[in-house]
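Trainee: Next input, structure requested:
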Amino acid sequence: MYEYFADDELSREMRILLEEMNSLLELLNRNLQEIDRKLSSMVFVPSPSGGNEVYLSPELELVDYLEQMN
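Mentor: Below you'll find the predicted structure:
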């Protein structure tokens, strides 16, 4: 009887752990999708000074950015 109880308890703990892992994976997936969405909406703009590359979010006004660079 004790072994059966231990196996049943282990199974319950494993189910709980798997549910927690699944929740964490779903959260990770949502975060990765959000990162992908943000990266895919960014616009590449070369630096006017010829320096490092600059990436802009479309929410920023390109004209305002270029004016700040000059």
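
Trainee: Using just helix, strand and coil, how would you label S49?
Mentor: Classification of S49 by DSSP: H, G, I helix; E, B strand; the rest coil places it in coil.

Trainee: Next, count neighbours for it.
Mentor: Using other CB atoms under 10 Å, S49 has 9 other residues around it. The C-beta positions use only the backbone N, C-alpha and C, and glycine is treated the same way.

Trainee: What score does it have for pLDDT?
Mentor: Note on S49: pLDDT of 71.

Trainee: pull the longest helix from this structure.
Mentor: Determined from DSSP state H, the single longest helix within the chain is helix 2-40.

Trainee: give me the low-pLDDT residue ranges for this structure?
Mentor: 1-6, 44-48, 51-70 (pLDDT under 70).

Trainee: For the longest helix of the chain, buried residues please.
Mentor: Within helix 2-40, not a single residue qualifies as buried, counting by 16 or more other CB atoms under 10 Å.

Trainee: For it, which helices and strands make contact with it?
Mentor: With contacts defined as 3 or more CB pairs under 8 Å, 6 or more residues apart in numbering; DSSP states H and E, helix 2-40 has no helix or strand neighbours.

Trainee: What separation do you get for D36 and E26?
Mentor: 16 Å (CB to CB, to the nearest Å).

Trainee: and if you look at L39?
Mentor: L39 is 20 Å from E26, by CB to CB.

Trainee: Same check on D8?
Mentor: In this view, D8 and E26 are 27 Å apart by CB to CB.

Trainee: E19 now?
Mentor: E19 is 11 Å from E26, by CB to CB.

Trainee: now do L32
Mentor: Distance from L32 to E26, by CB to CB: 11 Å.

Trainee: Good, wrapping up.
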